[in-house]
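A structural model of the following input is requested.
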Amino acid sequence: KGLTKTMLSEAQDAQLKEVVADTLGIGEDEIDPDLSPQTNPAWTSFTHLTLLSAVEESFGIQFSMDEMASAQSYAKLAALVGSHL
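Sure, this is the predicted structure:
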C-alpha cells in the first residue's frame, strides 16, 4: 500500500486510519486521501470535531481552530498531523 502524500510513516498512517475508521464507524478499507465530508455521509460537522479531538489525543498533539477548519479530507488531516510530529 502506498503512503499518502504526507510526512507520516506507515505506522502513523495506520494509526490515523484506525482513529478515522473508529470515529466515523467505517472500515479502514474505505479510507483514501479523498475521504471527506463530501464523499462520506458519516463525516458530519459533529463527527469532524469528535474526529479531530480523537486524533489530537491519539497523537498527543493540538490543533488550532484554523487547522481544524482546514482538515476537510483525509489527505489534509494526514498532512496536518504530519506537520505536528
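
does residue 77 sit in a helix, a strand or a coil?
Recorded secondary structure, residue 77: helix (DSSP: H, G, I helix; E, B strand; the rest coil).

how near is the most centrally placed residue in the chain to residue 37?
Nearest to the mean C-alpha position of the chain, by CA atoms, centre = their mean, lies residue 77 at 4.3 Å. As judged by CB to CB, to the nearest Å, residue 77 and residue 37 stand 11 Å apart. Any C-beta I mention is one placed from the backbone N, CA and C, and that applies to glycine too.

near the nearest residue to the residue nearest to the centre of the chain once chain neighbours are set aside, how many other residues are there?
Excluding the flanking residues, the one nearest residue 77 by CB to CB, 6 or more residues apart in numbering is residue 71, at 4.5 Å. By other CB atoms under 10 Å, 21 other residues sit near residue 71.

let me know whether residue 71 touches residue 52 as I believe.
Yes. With contact defined as CB atoms under 8 Å, residue 71 counts as touching residue 52 (6.4 Å).

give the residues shared as contacts by those two.
Residues touching both residue 71 and residue 52 (CB atoms under 8 Å, 6 or more residues apart in numbering): 63, 77.

distance of the residue nearest to the centre of the chain relative to residue 48?
10 Å.

where do the contact lists of those two overlap?
Contacts common to residue 77 and residue 48, judged by CB under 8 Å, 6+ apart, are residue 71.
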